[in-house]
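Chemist: Build me a model from this:
(one chain, ligands or ions: 1)
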Amino acid sequence: METVATPCPRFSGLRRSSPSFHNAPFHINSHLRLSSSRKPSRAVVAMAGSGKFFVGGNWKCNGTKDSITKLVSDLNSAKLESDVDVVVSPPFVYLDMVSSSLTDRIEVSAQNSWIGKGGAFTGEISVEQLKDISCKWVILGHSERRHVIGEDDQFIGKKAAYALNEGLGVIACIGELLEEREAGKTFDVCFQQLKAFADVVPSWDNIVIAYEPVWAIGTGKVATPQQAQEVHLAVRDWLKKNVSEEVASKTRIIYGGSVNGSNCGELAKQEDIDGFLVGGASLKGPEFATIVNSVTSKKVAA
Ligand SMILES: O=C(CO)COP(=O)(O)O
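Modeler: So this is what the prediction gives:
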């Protein structure tokens, strides 16, 4: 496959590899790496995307009033690098409590929202209600919602469009299952999930894309920095071809899947990794702070 060097739009003068991923002869080797004849992308700039480093903590269905009070207190006293957007996503029942006790430095996100205006939808939470408690973000398309709850691309797309139209930021999750990776379908799956968002969203201004390979979530099996970088670059390339150069350049693409205080530094150095969406390790305040502060590894890599 031919590899073409194209200028990175927001970093004039710097060049990076940008192969065509649509026709790439990728295959899987025994270490779950996607291989192609192209050279791996080198970290030549601080961040391929031009946005701020972004770290989200997805607390999932964890915590009690006591443990969350302690976590909030640890986060409030943590020293966090200033040039990072930090967001935490508590379970719905604690969202208001967290939002009102957490320092302004950290924003809160919901873990889901309804597809339209609230009403007779038992068990759902509306975007209007989230805004009412000053919630700024919502995570949509998480693999646990896709594969455990059974949400499909269209349903997720509707939720994203509604939330964005109402002014919430969306953390849009994509990622392949292990069998999809092993079958060489990683890019197909990620691009299809991306397209479902791209087809309906009113704008990309308030979207952060989270690449979360399902086989790395909660398994302790983190993607290698190269594996993650390869997909992040492909996602950015897809945005460039299918949305616009500007959106490709400015949209944050964050990685999720067994990120912790030990592996975040190496991952952060990758050119197209603009931050993290953290599950288990976000339940420990000091470790989450370490992950937020891994932005310093990115600066060193530059
Ligand atoms: O799903 C995740 C974040 O949304 C990742 O979870 P873990 O960090 O626990 O693997």
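Chemist: Around the ligand, pick out the residues from the stretch 151-300 of the chain.
Modeler: When proximity is defined by CB under 6 Å from any ligand atom, the stretch 151-300 of the chain lies next to the ligand at 212, 217-218, 256-259, 277-281. C-betas here are computed from N, CA, C, even on glycine.
Chemist: Strands - which of these land there?
Modeler: Under the assignment DSSP state E, those contribute 256, 277-278 to strands.
Chemist: residues in contact with residue 76?
Modeler: 101-103 (CB atoms under 8 Å, 6 or more residues apart in numbering).
Chemist: And the pLDDT for the residue sitting furthest away from the middle of the chain?
Modeler: Distance from the centre of the chain peaks at residue 120, with 31.2 Å (CA atoms, centre = their mean). Residue 120 is assigned a predicted lDDT (pLDDT) of 98.
Chemist: cool, residue 10 as well?
Modeler: So residue 10 comes in at 29 (pLDDT).
Chemist: Neighbours of residue 302, how many?
Modeler: Residue 302 has 12 neighbouring residues, counting by other CB atoms under 10 Å.
Chemist: Sorry, wrong one. I was asking about residue 136.
Modeler: Residue 136 is flanked by 16 other residues according to other CB under 10 Å.
Chemist: Phi first, then psi, for it.
Modeler: Residue 136 adopts backbone torsions of phi -100, psi -20, taken as degrees, to the nearest 10.
Chemist: Is the nearest residue to it once chain neighbours are set aside bridged to anything, and to what?
Modeler: Closest residue in space to residue 136, ignoring its immediate chain neighbours: residue 107 at 4.6 Å, by CB to CB, 6 or more residues apart in numbering. When assigned by DSSP bridges, residue 107 has beta-bridge partners residue 87.
Chemist: and residue 107, what is it in contact with?
Modeler: Contacts of residue 107 (CB under 8 Å, 6+ apart): 85-88, 136-137.
Chemist: Which of those has the largest number of neighbours?
Modeler: Going by other CB under 10 Å, residue 88 tops those with 26 neighbours.
Chemist: Help me confirm that it comes into contact with residue 59.
Modeler: Yes - using CB atoms under 8 Å, residue 88 makes contact with residue 59 at a distance of 6.6 Å.
Chemist: Wait, a helix at residue 109?
Modeler: No - counting by DSSP: H, G, I helix; E, B strand; the rest coil, residue 109 falls outside a helix, being strand.
Chemist: Just give the nearest non-adjacent residue to it, would you?
Modeler: residue 137 (3.4 Å).
Chemist: roughly how far apart are the one you found and residue 229?
Modeler: The gap separating residue 137 from residue 229 is 25 Å, by CB to CB, to the nearest Å.
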